[in-house]
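**Q** quick one, structure for this:
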Amino acid sequence: MKATEESKEEFLDLTGLVCPLPIVLTSEKMRKLREGQSLRVVSTDPGFEKDIHNWCSQTGNELLTLQREGEKVVAVLRKRPEAVEPGLWYWIKFHSLGVKLHLRYILMKLNPFAQKPDHFITFSAISEGTRAEKHLKGRAKLIPIPDEIDPRCGVVLALKGYQKAMETYQELRKEGFGVEAIYKKEGKNYRRVYP
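**A** Numbering: from 1, shown residues only. Below is the predicted model of the structure:
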């Protein structure tokens, strides 16, 4: 590949788009680049900064720079030889997961016989939450992250009781899952209780 082709930087303006579109469109654009090419991405989504870190570590692409410019986050990425961007089928499954989790949450709220969760474990990435739910084999349910905890898209494990939440958090951490914190629901608010 010629040096001029490798050094040519592509540009992707995602201003005004919200999760999950910035990561989906970044992934699609990177998938079309050649090895060694770079992409400058501009996003105003509040979760993009964290999401792009996770996406790079999952796909093998290199995050060259990441900076804030007022309301915008500017990331420069380089396609690495070992990089594997998800295809269309992955994104279809990703969006169907979102629909499934929202329906689960609505049914949980409407069911008068369901035990209402009061503690929620957050994760460094959606993929960490989905892996954790599989690992727990029904001991906790994954739902969309409440806006009061984080307005970005994401997931939390919903549990009843501090002790159960703490035991689950410690187990997941010991097993290498990207757990972040435990929140407790108090009325309409959520308070971080650990760490």
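
**Q** can you map out the helices along this structure?
**A** Secondary structure of the chain (DSSP state H): helices located at 3-7, 21-32, 48-59, 88-110, 126-136, 162-174.

**Q** make TSV out of those and add mean neighbour count and mean pLDDT.
**A** The way it works is simple: take the backbone N, C-alpha and C, and place the C-beta from them, glycine included. Listed next are the helices of the chain as TSV, based on neighbours: other CB atoms under 10 Å; pLDDT from 0 to 100:
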stretch	mean neighbour count	mean pLDDT
helix 3-7	10	48
helix 21-32	19	88
helix 48-59	19	85
helix 88-110	12	77
helix 126-136	18	89
helix 162-174	16	97
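
**Q** make TSV from those helices and add distance to Tyr194 to it.
**A** Below are these laid out as TSV (distance: least, CB to CB, whole Å):
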stretch	distance to Tyr194
helix 3-7	46
helix 21-32	28
helix 48-59	20
helix 88-110	22
helix 126-136	16
helix 162-174	7
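
**Q** so which of the ones you listed gets nearest Ala75?
**A** With CB to CB as the measure, helix 48-59 is the member of these nearest Ala75 (5.0 Å).

**Q** so what does the closest one touch, helix or strand wise?
**A** Applying 3 or more CB pairs under 8 Å, 6 or more residues apart in numbering; DSSP states H and E, one finds that helix 48-59 makes contact with helix 21-32, strand 62-69, strand 72-78.

**Q** what's the closest of those to Ser127?
**A** With respect to Ser127, and counting by CB to CB, the nearest of the helices and strands packed on helix 48-59 is helix 21-32 at 11.4 Å.

**Q** residues contacting the closest one, please?
**A** With contacts defined as CB atoms under 8 Å, 6 or more residues apart in numbering, helix 21-32 is touched by 10, 12, 14, 17, 39, 41, 43, 45, 48, 51-52, 55, 59, 61, 77, 79, 83, 85-87, 91, 94.

**Q** from the chain's centroid, how far away is that helix?
**A** A distance of 15 Å separates the centroid of the chain from that of helix 21-32, by CA atoms, centre = their mean, to the nearest Å.
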